[in-house]
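> Make a model of this:
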Amino acid sequence: MFSLVILVTILIYSAIIVDLAPISDFDIWADENEVVLNKTGIVRNSKVLNFIPIPVEEECLSTDGRRKGVCMNTYECRIQGGKSHGFCAMGFGVCCVFTATCDQDVFNNITYFVNPHFPDLDIDMSLCLLKIKKIDQEISQIRLDFVHFNLGQPNRKTGICEDDVLLISGGSSNNLSICGYNSDQHVYFDVDNIDEPITMSMNLSKKVAKRFWEIRVTQIPFSQRAPLSCLQYHTGLTGTIQTMNFAENGRHLANQDYNICIRQEKRMCSIIYEPCDENSFRISSNNRQGSVAQMEVTQNNQLFGNQNQSINVNNDEIEGSGGDFDVGEARNMDLCVDKIIMPCGSDDFLMPGDVSKEFCSISRCGSSLCPKGEDPCKIETTVTPFSIGVHFGPSSRDNSSPDDNLGMCLVYKQIECVN
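Now for the predicted structure:
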């Protein structure tokens, strides 16, 4: 009898709340046109609220299929400032989508950080801050997916973000600075043992007319974290990897030092990389000047027993645009300030001190990922874990064209083990 009284009370309470809530303030159940008028003339939603608790808050997909949300109780969704976009949990919950903009705090598993007038462009901005608070002590990383990301371009000559820049700080990772065009990119930011909020700071210049961004912020528990030292972590048998600000009329950023990692899928033993197109590998090789570069050439030759080999750091061979691509040339690419590092794909590249391919890496820079004339250009390696190092120096000091510093776009494909 007592349980029946409680149930009746809840139903009455639900009806009262539904009857009194204006649609402009509480439109989380029906479609936009699914409304009725109550006796007082107040517009209300025609559905009944659901107060049954959802035992597990899981990721869900909104009804439009574009954004991700958290499956939770309707009432909790509203209390936490989210908006429902469809049902989940067999109709007992709603897919709650959270958005935030400047000068707000985030304390949810999945939140979309957008410019104030999204989806419209914003102008005349100078600063936009967002603080991310961990929802649980088990949270180990923050993943940022740049659904849309279009800020001012870096200095075309140096690659430095002088006008607009997104600065991420406060975690156990090094501070991260990004600008330019980075839609569809993502990064992981370590927050182990960090109790203070993580700050995302959009520092914007009046020189840039318009900006546009939509960044999905996801909190990652330790059990699901990306491997240590991986700024980016790709999954799947095939995919595309790019350096930051790889875009038409763009150039790669300066002050970048990170690893792009790819999860080794089951029954896969090797991976093949190839350029996205014939112009998708442009990393100017010669950023060091005069005696410093020549001294390092000499040291490199002495280290690897090539004392009689004379190398001009400004010639086309080091740029990968002429001559045969041999071990000496690959090793001398270590002189490039801006380069990517790939594991040795063959024992032919082993040098004194290299125990095996797993302890050997090759620098690649210039105008081609592969030796001149090699078509199609493909590089295969069995070294695991699958990863590529991106190492771009503090600024470019050569006289190369910005088109020679476009960056890198590669497609990868994992290859199944043979017996």
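
> Please count neighbours and contacts with C-alpha atoms only from this point.
Fine.

> residues in contact with Arg263?
233-236, 385-386 (C-alpha atoms under 8 Å, 6 or more residues apart in numbering).

> at 6 Å instead, please
Neighbouring residues of Arg263 by C-alpha atoms under 6 Å, 6 or more residues apart in numbering: Thr235.

> Which strand runs longest in the protein?
Secondary structure of the chain per DSSP state E: the longest strand is strand 139-150.

> so what's the closest residue to Thr199 other than its chain neighbours bridging to?
Spatial nearest neighbour of Thr199, excluding adjacent residues (C-alpha to C-alpha, 6 or more residues apart in numbering): Lys131 at 4.6 Å. Listed beta-bridge partners, Lys131: Asp105, Thr199 (assigned using DSSP bridges).

> residue contacts, Lys131?
Taking C-alpha under 6 Å, 6+ apart, one finds 105, 197-199 in contact with Lys131.

> Domains in the protein, by residue range?
What automatic domain parsing lists as the domains of the chain is 1-49, 101-225, 268-416.

> Going by mean pLDDT, which of these comes out lowest?
Ranked by mean pLDDT, those bottom out at domain 1-49, which scores a mean of 40.

> Tell me which stretches of the stretch 151-300 of the chain form helices.
Using DSSP state H, counting those that start in this stretch, the helices found in the stretch 151-300 of the chain span residues 290-303.

> For it, which segments count as strands?
Ranges of strands within the stretch 151-300 of the chain are 165-169, 176-178, 186-190, 198-203, 212-221, 230-234, 238-242, 256-262, 268-275, 281-282, based on DSSP state E, counting those that start in this stretch.

> Ok, which of those comes nearest Thr111?
Relative to Thr111, the nearest member of the strands of the stretch 151-300 of the chain by C-alpha to C-alpha is strand 212-221, separated by 5.2 Å.

> Distance of Thr101 relative to Asn182?
Distance from Thr101 to Asn182, counting by C-alpha to C-alpha, to the nearest Å: 19 Å.

> Who has more neighbours out of the two?
Each of Thr101 and Asn182 has its neighbours counted (other C-alpha atoms under 10 Å); Asn182 has more, 22 against 18.

> In contact with that one, which residues?
Going by C-alpha under 6 Å, 6+ apart, the list of residues near Asn182 reads 149, 245.

> The same query, at a cut-off of 7 Å, please.
Applying C-alpha atoms under 7 Å, 6 or more residues apart in numbering, we find Asn182 in contact with 146, 149-150, 244-245.

> Ok, Gln153 next?
179-180.

> Thought Gly180 was touching Val165, still the case?
No. The criterion here is C-alpha atoms under 7 Å, and Val165 misses it with Gly180 at 8.1 Å.

> Neighbour count for the two, which is higher?
Taking other C-alpha under 10 Å, Val165 and Gly180 do not tie; Gly180 has more neighbours (25 against 22).
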